[in-house]
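Participant: please find the sequence and the predicted model below.
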Protein chains: 2
Amino acid sequence: MKEGPIIASVAALLGDPARANMLSALMDGRALTVSELAVAAGVTVQTASGHLSKLKDANLVAAEKQGRHRYFRLSGNDVADVLEALMGLAERTGAKRVRTGPKDAALRDARVCYDHLAGSRSVELFDSLAARGLISCMDAPTLTPAGRAFFIGFGIDVARLEKGRRPLCRTCLDWSERRNHLAGALGAAILAEFSARGWVRRGPGRLVGFTVLGQEQLGSLFGI
Amino acid sequence: MKEGPIIASVAALLGDPARANMLSALMDGRALTVSELAVAAGVTVQTASGHLSKLKDANLVAAEKQGRHRYFRLSGNDVADVLEALMGLAERTGAKRVRTGPKDAALRDARVCYDHLAGSRSVELFDSLAARGLISCMDAPTLTPAGRAFFIGFGIDVARLEKGRRPLCRTCLDWSERRNHLAGALGAAILAEFSARGWVRRGPGRLVGFTVLGQEQLGSLFGI
DNA sequence: TTCATACTTCGACCATAACCGAAGCATTGC
DNA sequence: GCAATGCTTCGGTTATGGTCGAAGTATGAA
């Protein structure tokens, strides 16, 4: 029953403000350089470098060298998921937010969670997909034949996604809504397709805004 | 975008080995005294007392006084969920277990997650319920009319559960299986009923063992 | 080659907090 | 009442780790 320490080592890494800020900055799925992350965390580069090597040793982030830059990204979707879950817990237990910005409401509406959509719009989308029988849900959500046809028609190469190592459908507990939204390869592909169609536009950080076109299409296609 | 610190304060609390051990000990849903938790964490009572007041201030645990004892329990299911998620992440990223005990395999099979079942048996149960149309799944799992009838027949007072503040069905990401199992009021009620029927027996800590009767019934009722 | 940029390593400093011994309350039992 | 148990508070020690300045390495540009 000595599983305490195993979680402590990971949690301790997330428990430092500087590292937490860096990981938060990475939650939009982009890869950032050491200097960018240093700014995000409000520390010097050498401090950031030290933090990042610890995160790398723990496999929470992955590094990629490109010229004289070194790009860091989260090592996987599950890291983002845990961060979301921690935000939810912090919210529920009333950990005081340092400074609740004006972007907060917009973030609750729609944001990026690593590589897929999160926020109230995303939860509604999940509901709609399930209600229309495009997705069925066992222990993990599954794409129905109807859903498969729908998304192929929508322009998503479902067959390619299915070939990948990554599960097609996953649930992810939404930080602000405390309900599930769709993650996994399909979740990522949907965001990519929305973006390609000009339905959404990336804002600073994790922020995502739906365009007028996007709002219309979301309404007519999914009834949201 | 300063949401880093908000998660850092919670994560820092989980990041101390002594506190992590105490929280792990509480994951079986029981309430424990300060002295018991001190033993579990391997520290003196006064140290444990200090840790517990911090956890209490952060609303991660709740305290209840009974005579000269003070009982602590997790403040909610979501705390246990986050701990499970952290264990999953630690597992995936290869944080070395300090000492992988012989109970490990048994724990993967069936264990308690705060107040409901977790482990491979639990995931299989969820699958079976969904496959039989007793539960349908939108963003959160929902009890179907057939499922409602089934569980009433099973001896669970579904109406009473529905009246409570707590959601009837919830998913919880299984640490060992990395798939969802059933949580929420129904999940808790199922464990209670299994226990009352003598299908399962609590072992030390989070361990749960299925009795011979339980195995048979699980097979005939759910095909597991 | 020389310079500039991006990053890492080293060393020293400092603050936080984990820890325990000792003492102080509170509750129960005798 | 007095003793015993369970827990909390206080004080002092210790050490872990976050921080930055300075120096070192690697890559790219002039």
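Facilitator: Here it is on my side, so go on.

Participant: let's verify residue A:221: helix, strand, or coil?
Facilitator: Taking DSSP: H, G, I helix; E, B strand; the rest coil as the rule, one finds residue A:221 in the helix state.

Participant: tell me who's in contact with it.
Facilitator: Under the criterion of Cβ atoms under 8 Å, 6 or more residues apart in numbering or on different chains, the contact list for residue A:221 is empty. Just so you know, the C-beta spots here come from the backbone N, C-alpha and C atoms, and that holds for glycine as well.

Participant: swap in residue A:209?
Facilitator: Residues in contact with residue A:209 (Cβ under 8 Å, 6+ apart) are A:106, A:110, A:200, A:201, A:203.

Participant: show me the helices in chain A, by range?
Facilitator: Listed in chain order, the helices found in chain A under DSSP state H are A:4-14, A:17-26, A:34-41, A:45-57, A:77-92, A:103-109, A:120-131, A:145-153, A:158-163, A:184-196, A:212-222.

Participant: output the lowest mean pLDDT helix or strand found in chain A.
Facilitator: helix A:103-109 (a mean of 68; mean pLDDT, DSSP states H and E).

Participant: how does chain A divide into domains?
Facilitator: In terms of domains, chain A is parsed into A:4-75, A:79-222 (source: automatic domain parsing).

Participant: list phi and psi for residue A:31.
Facilitator: Per-residue torsions, residue A:31: phi -100, psi 130 (degrees, to the nearest 10).

Participant: hmm, residue A:16 is touching residue B:9, no?
Facilitator: No: Residue A:16 is not in contact with residue B:9 according to Cβ atoms under 8 Å; the separation is 10.8 Å.

Participant: on that earlier part again, using CSV, lay out the helices of chain A together with distance to DNA strand C.
Facilitator: Compiled in CSV, these are given as follows (distance: least, Cβ to the nearest atom of the strand, whole Å):
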stretch, distance to DNA strand C
helix A:4-14, 9
helix A:17-26, 10
helix A:34-41, 3
helix A:45-57, 3
helix A:77-92, 16
helix A:103-109, 26
helix A:120-131, 32
helix A:145-153, 37
helix A:158-163, 32
helix A:184-196, 25
helix A:212-222, 34
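
Participant: worst mean pLDDT among these?
Facilitator: Among the helices of chain A, helix A:103-109 has the lowest mean pLDDT, at a mean of 68.

Participant: DNA strand D contacts on chain A?
Facilitator: Within chain A, the positions near DNA strand D by Cβ under 7 Å from any atom of the strand are A:12, A:16-18, A:43-44, A:46-47, A:50-51, A:54, A:67-68.

Participant: out of those, who's the most crowded?
Facilitator: residue A:51 (22 neighbours; other Cβ atoms under 10 Å in any protein chain shown).

Participant: ok, now which ones touch that one?
Facilitator: A:16, A:18, A:19, A:22, A:41, A:43.

Participant: give me the most central residue, chain A.
Facilitator: residue A:113 (1.5 Å; Cα atoms, centre = their mean).

Participant: what is the neighbour count of the closest residue to it other than its chain neighbours?
Facilitator: Among residues not flanking residue A:113 along the chain, residue A:80 sits closest, at 5.6 Å (Cβ to Cβ, 6 or more residues apart in numbering or on different chains). Neighbour count for residue A:80, taken as other Cβ under 10 Å: 26.

Participant: now for residue A:143: which residues touch it?
Facilitator: A:134, A:135, A:151, A:158, A:168, A:169, A:186.

Participant: closest to residue B:73 out of those?
Facilitator: Proximity of the contacts of residue A:143 to residue B:73, judged by Cβ to Cβ, is greatest for residue A:169, which lies at 34.4 Å.

Participant: in this structure that closest one contacts residue A:186, no?
Facilitator: Yes: contact criterion Cβ under 8 Å: residue A:169 and residue A:186 qualify, at 5.3 Å.

Participant: neighbour count winner among those two?
Facilitator: Comparing residue A:169 with residue A:186 by neighbour count (other Cβ under 10 Å), the higher total belongs to residue A:186, at 26 against 21.

Participant: isn't that one right next to residue A:150, touching?
Facilitator: No: Residue A:186 is not in contact with residue A:150 according to Cβ under 8 Å; the separation is 11.2 Å.

Participant: hang on, the earlier thing: which among the contacts of residue A:209 end up buried?
Facilitator: By neighbour count, with 16 or more other Cβ atoms under 10 Å in any protein chain shown, these hold A:110, A:200, A:203 as buried.

Participant: and residue A:175, what pLDDT?
Facilitator: So, for residue A:175, pLDDT stands at 67.

Participant: report the contact partners of residue A:59.
Facilitator: Counting by Cβ under 8 Å, 6+ apart, residue A:59 touches A:75, B:92, B:93, B:94.

Participant: 7 Å instead?
Facilitator: Under the criterion of Cβ atoms under 7 Å, 6 or more residues apart in numbering or on different chains, the neighbours of residue A:59 are A:75, B:93, B:94.

Participant: would you turn these into TSV with neighbour count?
Facilitator: Listed next are the contacts of residue A:59 as TSV, based on neighbours: other Cβ atoms under 10 Å in any protein chain shown:
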residue	neighbour count
A:75	20
B:93	18
B:94	9
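
Participant: closest one of those to DNA strand D?
Facilitator: Ranked by distance to DNA strand D (Cβ to the nearest atom of the strand), the contacts of residue A:59 are led by residue B:93 at 17.1 Å.

Participant: gap between the residue nearest to that closest one when sequence neighbours are not counted and residue B:16?
Facilitator: Counting by Cβ to Cβ, 6+ apart, residue B:93 lies nearest to residue A:59, which is 3.7 Å off, once chain neighbours are set aside. Between residue A:59 and residue B:16 the computed distance is 21 Å (Cβ to Cβ, to the nearest Å).

Participant: for residue A:195, same thing?
Facilitator: Counting by Cβ to Cβ - residue A:195 and residue B:16 are separated by 41 Å.

Participant: just residue A:68 next, same as before
Facilitator: For residue A:68, the distance to residue B:16 - Cβ to Cβ - is 38 Å.

Participant: quick one: contacts for the residue of chain A found nearest chain B?
Facilitator: Ranked by Cβ to the nearest Cβ, the top residue of chain A for proximity to chain B is residue A:137, at 2.4 Å. Residues in contact with residue A:137 (Cβ under 7 Å, 6+ apart) are A:130, B:130, B:136, B:137, B:141.
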